[in-house]
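Chemist: next one to model:
(2 chains)
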Amino acid sequence: MTEARRFRSGLLSSLNPLGFNVERWSYTLHRVTGVIIVGYLMAHIFETLQLSSGSAAWANTMAALHSLGPLEMVGLWIVAGSALYHGANGIRLILNEVFGKLMGKPILPVYPYSPTSLGRNQRIAVWTITVVVLILWVWAGFYLLAGLGVV
Amino acid sequence: MGLGWVLPARRAGGRVNMGEPSAERGGSLMRESWSMLLTYATALVLVFVLTFHLLLESPLTGKSLEDTLTFGYATGNLAYYKIVFGLLLFAAVLHGFNGARVIVLEWLHPKRAWALNLLAVILMALFLAVGSYTLYAVG
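Modeler: Here you go, the predicted model:
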């Protein structure tokens, strides 16, 4: 395997959260949801540009989106979930990295190594975020998918 | 909390040393410490303005989903809350493209980082221009 391919496979592995703790899961989810949101942001900016061309252009844009069928609302639901998770987890990361909150004090590493960053407060924060985001995501699902007969 | 995190990284001997931007490290377009500061600042702005934007589109307004997608409702909101949407556009574009840049940077050879930085700045400028035009035209 060439060095470049080995390098890329290492990066791919770094995105795989299987077998790791909740911090790795939240890291991977934060990145994946971030990429989804950036994709939507680009489309949304060009979508709203049609507002400047008048109501007929906007109606055409909406008709084109509605022609996607259930995919439109399912897509919006995925974007909503991504935004909810990315936002909530982002607040936790700001508390961690900018304000130094929720994390334990640094200690000398003693075997078996246990990250002090994953203490009680951090675990509570991660699971609280997960539960709150799931509840809001289900609520958003009822709102977005109700008209499709999905729910 | 000290103010150290606000300041750019210092050279050896300082409290934080992120390294000087050199051609090998991807040029001097933006130092990574400033990039992270930008990410945190825009994230804090987004927490408030994006929540506001989502609330305007939510059933809490008493409107149906179809009502919130009408031309009148969309243009009315954009015109009435122009400063909020301007702030949302600015923060979302900077946060989003800087975040994407940081992800791609890890997959790229450091010698090519300058091209990625340049692409990120061009995309930011493009999407800021398009969004600003919408706000200007609708308002």
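
Chemist: which element follows the host helix or strand of A:Ala63 toward the C-terminus?
Modeler: Element membership of A:Ala63, judged by DSSP states H and E, is helix A:55-66. Sequence order places helix A:70-97 as the next helix or strand after helix A:55-66, per DSSP H and E.

Chemist: any buried residues in stretch A:69-78, and which?
Modeler: By 16 or more other C-beta atoms under 10 Å in any protein chain shown, the buried positions in stretch A:69-78 come out as A:72-77. (Glycine included, C-beta is placed from N, CA and C.)

Chemist: now the residue of chain B found nearest chain A: closest residue in space, sequence neighbours ignored.
Modeler: Nearest residue of chain B to chain A: B:Ala137, at 3.5 Å (C-beta to the nearest C-beta). Spatial nearest neighbour of B:Ala137, excluding adjacent residues (C-beta to C-beta, 6 or more residues apart in numbering or on different chains): A:Ser52 at 3.5 Å.

Chemist: residues contacting A:Glu23?
Modeler: The contact partners of A:Glu23, by C-beta atoms under 8 Å, 6 or more residues apart in numbering or on different chains, come to A:115, A:117-118, A:122, A:126.

Chemist: scratch that, A:Leu144
Modeler: A:73, A:76-77, A:80, B:65.

Chemist: so chain B: which segments form each domain?
Modeler: Per automatic domain parsing, the structural domains of chain B span B:1-31, B:32-138.

Chemist: quick check, central residue of chain B?
Modeler: Taking C-alpha atoms, centre = their mean, the centroid of chain B lies closest to B:Leu94, which sits 2.0 Å from it.

Chemist: so is that residue in a helix, a strand, or just coil?
Modeler: helix (DSSP: H, G, I helix; E, B strand; the rest coil).

Chemist: wait, it touches B:Leu123, no?
Modeler: No. Checked against C-beta atoms under 8 Å, the pair B:Leu94 and B:Leu123 is beyond contact range at 10.8 Å.

Chemist: can you show me the CA trace of the helix or strand bottoming out on mean pLDDT in chain B as CSV?
Modeler: The helix or strand of chain B with the poorest confidence is helix B:65-68; it has a mean of 88 (mean pLDDT, DSSP states H and E). What follows is helix B:65-68, C-alpha atoms only, in CSV (Å, rounded to 0.1, in the frame of the first residue of the first chain):
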residue,chain,number,x,y,z
LEU,B,65,-45.9,24.2,6.9
GLU,B,66,-47.4,25.3,3.5
ASP,B,67,-48.1,28.8,4.8
THR,B,68,-44.5,29.3,5.9
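
Chemist: which other residues reach the helix or strand following it?
Modeler: Sequence order places helix B:71-80 as the next helix or strand after helix B:65-68, per DSSP H and E. Residues from elsewhere that reach helix B:71-80 (C-beta under 8 Å, 6+ apart): A:48, A:51, A:55, A:58-59, B:56, B:63, B:67-68, B:85, B:134-135, B:138-139.
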